[in-house]
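*Asks:* got a sequence here, can you model it:
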Amino acid sequence: MRRTPAAVTLALALAAAPVLPAASPVAAAAPTATVVVGTTGLKIGDTSVVTFTFSEPVTGFSLADVTVPSGTLSGLATSDNQVYTAVYTPAAGVTNYQARLVLDNAGVTEAGGTPGTGTTESNAFFVDTVRPTATVSVSRAAFQAGTTATVTLTFSEAITGLTTADLAVGAGTVSGLSSSDGGLTWTATLTPAGDTEASGARVTLDLTGVQDLAGNAGAGTATSPAYTVDTRRPTATVGLSATTLGIGDSATLTVVFSEPVLGFDLGDLTVRGGTVSFPTTGDNTTWTATFVPSPGTNASGQVVTVDLSGVMDQAGNGGAGTVDSPAYRVDTLRPVGVVTVDRTVVRAGETATVTMTFSEPVRGAGGAGPGLALVAGGGTLTPATSSDGGLTWTATFTPDAAARTTADLVLDLTTVEDAAGNAGTGSASAPSLTVRTTRPTATVSVSEPVLTTTTDAVLTLTFSEPVSVGLCRALSTPGASVPVLTSTDGGVTWTGTLTGAAGTESGPAVVTLDLAQVVNVDGNAGLGTATSGAYAVDTVRPTATLALATARVTAPTTLTITFSEPVAALALTDLVADAGTLSGLVTADGGLTWTATYTPDAGARVGAATIRLALAGVTDLAGNAGVTAALSVPFAVEAPAAPGTPVPAVPAPGAPVVPGAPAAIPPAGAAVTAPAAASPAGTLPRTGSEAGAALAVAAGLLLTGAAAVGARSLARSRRGRA
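*Replies:* Just a heads-up that it's a prediction; the model follows:
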């Protein structure tokens, strides 16, 4: 293959290429700019910052290079000749919603001297420095009762913030304020004030309370044309020349209006209890007619009613509602009456109210009450009185005391006449009154003068008549009780057992019967109280304390027995003594305190001996026997032995006591216990004196322990001497 050398190919390409001229220097680009108005909506009092930003630093820029619509620029400033700021102030009274600033770029040059070309517009903004104004109109020039009108508020531009509080309405109020065209036109309903007469009234708009869409508030006020208000409806008063009309009577009906009226006739009158003639007038204000009562009528509280809706005043206001005359009475009937009582059975302490109710108010001769009387006694009647003008009369029936009878009443109708002078005829009967005014009385007796633990009494209540309720709660039995009362004669005599309260000692008392709580078959309670003869209560059992003259007995010593009260008798057989005998039992104060001599057994040595009294064998002066037993305080016995008899040691606690026999001495450290105290009843008492016995046992423990310790010490001493 034949190849073309590369050098040849390159040479051919260069030869075919065009020849270019030498390059010349590049010209500088013209500066450009952007213009931004910071606030796009300006109202009265607003300003905005305008920013001019060039593509590069420039010279020669001034406010004269800017076309400013609807306002002025001021305060041009820069820190780098590339970004400039100025303040735009809108002109007063201007509205411009498509404003733009225009920059003439030819007024500036860049650093190389190249000027700008063309113009640059700012962003769009609007200027509104015009305050809103308005006109106010009312669709009616005169108002009557029941009319309304439309208030129209037409603004120079759409506004916001309008409320009824911005409207001052003369002689009326507005409601339903609204706009259907975006706030340019507003309407409301004007309602005139009621019962008002006014001229020259206006609706005044306070423009400072509204603002246009730019936020400019109005200034001053706008006022509607004047209008008149007459909403005072005619009223009337109605009078009748008589308040009571009888057969053959008549009266003048007078209707006086608050102002002259038209249209008043019989159709506007409602007449009760009679008829009226056609009303007439001389001035259209005062109208009169003649009233004639209807025959055969007996009615009170009658009125003539005027319908005010049938008349109107000269302004066209119709009346409203009705007005009545004062009440009057039409009476063309004779009075009749009925008699009632508030109770048919009158008991002790009660009265009955007798009521006479008439068909109409009446009065007796000379203004007295009706002739109400008792036919056959049984009580008394007070004079009849009336608190409602004579329609109803009352009298009080007081029954005779301690009576069982019947009282009959009768009303003489010829003694009364009505307000028209019509007398009644005949008489009216009344219910009979059953008089039951006897109260129960009673006597009270108690069969025993003293109540003890072994003696009760029979309580007897004897009444003047049978009674059946209230007995137990009516009794007061101090220091005693009566669980049950019974009667075998139909409730005249009642008996029960009067039992003294346990553990009670009281002086003379009486059974008191409160008769006010005892009711007889007529329902009458007794009065006062009935009391029995005096009785006493003694159900306190005797108690006693026993005390020896010494806590360590070595020879005969005195035992003192003190009772809670004197006792009738006391025998040595009621006493049991440990390690000794008792003798010489006597009392010197009537049985309250007794003494005896305790003689220890010869050679007896006991750490805790006691003396016991069986109280069941002792009775007080009222016959109350004691219970359980009384125990002395434990005492030690160390009696000398009989001649020639060895001296025994003190026995160990709990060991049996045998006179003359030696007793075991407990070893050192052994527990020392008191001997068990015997009690005739098996249980120690729990009275105050018996509590002393319990303390005595405790003291005996100490004495026993001391005796044991002493015995061991003596034994050691003897061993030492040995």
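
*Asks:* where does the prediction get shaky in the stretch 501-650 of the chain?
*Replies:* In the predicted model, the stretch 501-650 of the chain carries pLDDT under 70 at residues 644-650.

*Asks:* can you rerun that using 50?
*Replies:* For the stretch 501-650 of the chain, the stretches with pLDDT under 50 are 650.

*Asks:* now the stretch 1-150 of the chain
*Replies:* Residues of the stretch 1-150 of the chain that meet the cut-off, pLDDT under 50, sit at 1-24.

*Asks:* 70 - rerun?
*Replies:* Residue ranges of the stretch 1-150 of the chain with pLDDT under 70: 1-27.

*Asks:* need the helices for it, in chain order.
*Replies:* 6-16 (DSSP state H, counting those that start in this stretch).

*Asks:* again with the chain
*Replies:* 6-16, 471-474, 688-721 (DSSP state H).

*Asks:* for Phe54, list the residues it contacts.
*Replies:* Pro31, Thr32, Ala33, Phe61, Asn81, Gln82, Val83, Tyr84, Val108 (Cβ atoms under 8 Å, 6 or more residues apart in numbering). Bear in mind the C-beta positions are built from the backbone N, C-alpha and C, glycine included.

*Asks:* any idea how this protein splits into domains?
*Replies:* Following automatic domain parsing, one finds the domains of the chain at 33-128, 134-230, 236-331, 337-436, 442-538, 544-713.

*Asks:* Gly626 is in contact with Ile561, isn't it?
*Replies:* No - assessed by Cβ atoms under 8 Å, Gly626 is found out of contact with Ile561, at 11.8 Å.

*Asks:* of the contacts of Phe54, buried ones?
*Replies:* Pro31, Thr32, Ala33, Phe61, Asn81, Tyr84, Val108 (16 or more other Cβ atoms under 10 Å).

*Asks:* so the fifth one sits against Val58, correct?
*Replies:* Yes - under the contact definition of Cβ under 8 Å, Asn81 touches Val58, with a separation of 6.1 Å.

*Asks:* what is the neighbour count of Asp268?
*Replies:* 21 (other Cβ atoms under 10 Å).

*Asks:* now Thr148
*Replies:* So Thr148, with other Cβ under 10 Å, has 15 neighbours.

*Asks:* just Leu548 next, same as before
*Replies:* The number of residues near Leu548, taken as other Cβ under 10 Å, comes to 19.

*Asks:* how close does it sit to Gly617?
*Replies:* Per Cβ to Cβ, to the nearest Å, Leu548 is found 21 Å from Gly617.

*Asks:* also Gln144?
*Replies:* For Gln144, the distance to Gly617 - Cβ to Cβ - is 120 Å.

*Asks:* give me the more crowded residue out of these two.
*Replies:* Gln144 (19 against 16).

*Asks:* now do the contacts for the more buried one.
*Replies:* Asp230, Thr231, Ala315, Gly316, Asn317.

*Asks:* just give me the least confident of those.
*Replies:* The lowest pLDDT within those belongs to Ala315, with 85.

*Asks:* got the contact list for that residue?
*Replies:* Counting by Cβ under 8 Å, 6+ apart, Ala315 has contacts Gln144, Asp230.

*Asks:* do the same with Val255
*Replies:* Contacts of Val255 (Cβ under 8 Å, 6+ apart): Ala236, Thr237, Val238, Phe264, Pro279, Thr286, Trp287, Thr288, Val306.

*Asks:* skip the chain neighbours and tell me the closest residue to Ser447.
*Replies:* Spatial nearest neighbour of Ser447, excluding adjacent residues (Cβ to Cβ, 6 or more residues apart in numbering): Val458 at 4.1 Å.

*Asks:* that neighbour contacts Thr497, doesn't it?
*Replies:* Yes - taking contacts as Cβ under 8 Å, Val458 lies within contact range of Thr497: 6.7 Å.

*Asks:* higher neighbour count, the two?
*Replies:* Comparing Val458 with Thr497 by other Cβ under 10 Å, the one with more neighbours is Thr497, at 15 against 12.

*Asks:* for that one, which non-adjacent residue is closest in space?
*Replies:* Asp456 (5.2 Å).

*Asks:* what's the burial count for the one you found?
*Replies:* Neighbour tally, Asp456, other Cβ under 10 Å: 15.

*Asks:* and if you look at Thr191?
*Replies:* 18.

*Asks:* with the one 4 residues further on instead?
*Replies:* The number of residues packed near Asp195 is 10, by other Cβ under 10 Å.

*Asks:* which residues are in contact with it?
*Replies:* The contact partners of Asp195, taken as Cβ under 8 Å, 6+ apart, are Thr231, Arg232, Arg233.

*Asks:* if we go to 10 Å?
*Replies:* Contacts for Asp195 (Cβ atoms under 10 Å, 6 or more residues apart in numbering) come out as Ala145, Thr231, Arg232, Arg233, Thr235, Asn317.

*Asks:* likewise for Val276?
*Replies:* Val276 neighbours (Cβ under 10 Å, 6+ apart): 240, 250-253, 266, 269, 288-292, 304.

*Asks:* repeat that for 7 Å
*Replies:* Listed by Cβ atoms under 7 Å, 6 or more residues apart in numbering, the contact partners of Val276 are Leu253, Leu269, Ala289, Thr290, Phe291.

*Asks:* same check on Leu167?
*Replies:* Applying Cβ under 7 Å, 6+ apart, we find Leu167 in contact with Val174, Val203, Leu205.

*Asks:* if you set the cut-off to 6 Å instead, what comes out?
*Replies:* Residues counted as contacts of Leu167 (Cβ atoms under 6 Å, 6 or more residues apart in numbering) are Val174, Leu205.
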